[in-house]
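A.B. asks: sharing a sequence plus its predicted fold:
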Amino acid sequence: MAHTLTIPFIKGHGASNDFILLDESHATLIPEPLKAAFARLVSDRQQGIGSDGTVFVSAVSPQQPRMRFFNPDGSEAEMCGNGIRCASRAAFEGSFRQIDPLLFQTLAGNFKTENFFSEAHQLHFVRVTTAPLSTNPSAILSNRSTTPFIRQRFQVEGIELTGTILSVGNPHLLVPVADLKELDLMRLGHALEHHPMFLNRANVSFVQVLDRRTILVQTHERGVGLTLSCGTGMTASVVAQVLNDGVDNQQPIAVHTAGGIVWVTPQVSADGIFAQLTGNATWIYTGRTTVTLEEESIRFADAQRVEIVQTFAEEEENFRRLAGQTLFDRTLLRGTSLESFLQENNEKRGSTGQSSP
C-alpha cells in the first residue's frame, strides 16, 4: 500500500561536491529497500532535486555516528571524502552535538573527523583522518594480484598511460599527466572506470603536479562521471605522488580542483599509509521533500519537489571567495558534463591565488 512521507534534509557540499543529507539518528526515514531508489530520485538534476550523492547519517551508539553514501545511480559507495565532511558537520550540529572528534563508521572502516571554524575563510571546516590506505590491489584488480600497482604502465583505447592503484576503502586509479589540457577527460575517464583490469570499476583521477606542495586533480568518479571534486580521489592523488616522489610527505599539500581547494597531509611510513583531508563543509539550504513510497518504488508526491526552509547565502559567498582562488583552469571542462556548472559560476568566481586552511 502506498503512503506519503515528508522528509527533512540538508543540501550541502564539500569543495562544490554537493549532497543531500538525511539524519536517521533517531528514526529511519527511508526504508532500507528503497534507499537506492531514493538516491536516484533526488540526485537527478533534471527530474529531481540534484546532487552528486545522498548521505544517510545514523547512530551506531549515542557516541558514534555512521555514514552511508549512495551515488546518483543508486550504487552504494564504501566511502566519500567530501561527503563525510558534510556528514560530520550534520552530526556535530545535530544528534551528536559538540562531540569532537567523531569516529564515523563507514563501509570502508572507521574515520575520525574534527570540526572547526576556519577564521581565514570564515567557513565551517572538517579534518578527516583516513583509515589506512592500502597498496594491495587484490580487491580492485580482476586478476586478484596482490603485487602493489605503483607507477605501472597500461593501455586504454590505444593510449599508453602510467598509473598507481590505491584503496581509500574504495578503489582509485591515479594517473599523473604533464598537462591536463592534453586529455579528453570525459572519454578517458569513462574508459578507465570500466577498464577490464578492474573487478568492479574504479574511481579515476588525473593528477598534474605544479610543485612539491601543490597539485591539480580532475576525478572521474565511479557511478557519477566527471566531478568538480572527489575527497577520496584528492587524498589518494596526494599519497600516490608521495609514493612516486612528486610531493612532500608529512606536509599539507594544496589540492586544486574545478570545485575549490582542500589540503591533504600524507603520512607515509613503514608503519602504514594514512592521510588527513581538510576542507569546507558548507550548507546551501535546508529543505523538505514529500515522497510517495510504494512496495518497490518511490516518487515525488507532487510537482513541487522541494520546499526550501532556510538558505545560507553568507556561507556560499564566503565559499565562492575560497573557490575563486583555485589554480585549476575551468575552461578544461567546457564541452563536458560539467559545463553547466561553469556557465552558472563564471561571473561568481574569479581571481587565483594561494590559501591556507
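C.D. replies: Thanks, I have the structure now.

A.B. asks: any low-confidence regions in this protein?
C.D. replies: Where the chain drops to pLDDT under 70, the residues are 1, 341-357.

A.B. asks: which stretches of the stretch 201-350 of the chain form strands?
C.D. replies: 203-211, 214-221, 225-227, 253-257, 260-269, 272-280, 282-293, 298-300, 307-311 (DSSP state E, counting those that start in this stretch).

A.B. asks: quick check: which of those is nearest to His195?
C.D. replies: strand 203-211 (8.6 Å; C-beta to C-beta). No exception for glycine: its C-beta is placed from N, CA and C like everyone else's.

A.B. asks: list the buried residues of stretch 105-116.
C.D. replies: If you call a residue buried by 16 or more other C-beta atoms under 10 Å, then stretch 105-116 has these buried ones: 105-106, 108, 111, 113-115.

A.B. asks: residues making contact with it?
C.D. replies: Under the criterion C-beta atoms under 8 Å, 6 or more residues apart in numbering, residues 60, 64-69, 76-79, 84-85, 88-89, 92, 100-104, 124-132, 168-170, 281 lie in contact with stretch 105-116.

A.B. asks: quick one: distance of it to the chain centre.
C.D. replies: The chain centroid and the centroid of stretch 105-116 are separated by 14 Å under C-alpha atoms, centre = their mean, to the nearest Å.

A.B. asks: do the same with stretch 82-98
C.D. replies: With C-alpha atoms, centre = their mean, you get 15 Å for stretch 82-98.

A.B. asks: which residues touch it?
C.D. replies: 10, 12-15, 17, 19, 21, 23, 25-26, 53, 55, 57, 59, 63, 65, 67, 69, 99-100, 102, 104, 106, 111, 113, 115, 124, 126, 128, 229-231, 277, 279-281, 283.

A.B. asks: now swap in stretch 304-314 and tell me
C.D. replies: Counting by C-beta under 8 Å, 6+ apart, 8, 48-49, 282-289 sit against stretch 304-314.

A.B. asks: need the CA coordinates for it. CSV is fine.
C.D. replies: Taking C-alpha atoms only, stretch 304-314 is exported to CSV below (Å, rounded to 0.1, in the frame of the first residue of the first chain):
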residue,chain,number,x,y,z
GLN,A,304,6.9,20.8,-6.0
ARG,A,305,9.8,18.5,-5.4
VAL,A,306,11.4,20.6,-2.7
GLU,A,307,10.3,23.2,-0.1
ILE,A,308,13.3,25.3,0.9
VAL,A,309,13.2,26.2,4.7
GLN,A,310,16.5,28.1,5.2
THR,A,311,19.2,29.3,2.9
PHE,A,312,22.9,30.1,3.8
ALA,A,313,23.8,32.9,1.4
GLU,A,314,26.7,34.2,3.6
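
A.B. asks: now that stretch: buried residues?
C.D. replies: 305-306, 312.

A.B. asks: likewise for stretch 191-209?
C.D. replies: Result for stretch 191-209 [16+ other C-beta under 10 Å]: buried residues 192-193, 195, 197-198, 201-209.

A.B. asks: same question for stretch 58-75.
C.D. replies: In stretch 58-75, counting by 16+ other C-beta under 10 Å, buried: 58-59, 65-72, 74-75.

A.B. asks: any idea how far apart the tips of that stretch sit?
C.D. replies: 19 Å (C-alpha to C-alpha, to the nearest Å).

A.B. asks: what's the answer for stretch 148-164, then?
C.D. replies: End-to-end for stretch 148-164, by C-alpha to C-alpha: 8 Å.

A.B. asks: contact partners of that stretch?
C.D. replies: 135-137, 141, 165, 173-176, 187-188, 191-192, 195, 197, 240, 243-244.

A.B. asks: now, which of those residues lie within helices?
C.D. replies: 187-188, 191-192, 240, 243 (DSSP state H).

A.B. asks: could you dump the buried residues of stretch 58-75 into a markdown table with secondary structure and distance to Gly260 added?
C.D. replies: Output for these, formatted as a markdown table (DSSP: H, G, I helix; E, B strand; the rest coil; distance: C-beta to C-beta, whole Å):
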| residue | secondary structure | distance to Gly260 |
| --- | --- | --- |
| Ser58 | strand | 28 |
| Ala59 | strand | 30 |
| Pro65 | strand | 25 |
| Arg66 | strand | 27 |
| Met67 | strand | 21 |
| Arg68 | strand | 25 |
| Phe69 | strand | 19 |
| Phe70 | strand | 23 |
| Asn71 | coil | 21 |
| Pro72 | coil | 20 |
| Gly74 | coil | 27 |
| Ser75 | coil | 25 |
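
A.B. asks: farthest pair within these?
C.D. replies: Ala59 and Pro72 (25.6 Å).

A.B. asks: hmm, back to that, farthest-separated two in the buried residues of stretch 191-209?
C.D. replies: For those, and using C-beta to C-beta, no pair is farther apart than Arg201 and Val209, which are 25.8 Å apart.

A.B. asks: residue contacts, Glu78?
C.D. replies: Counting by C-beta under 8 Å, 6+ apart, Glu78 has contacts 106-108, 169-170.

A.B. asks: distance of it from Leu107?
C.D. replies: Distance of Glu78 to Leu107, computed by C-beta to C-beta, to the nearest Å: 4 Å.
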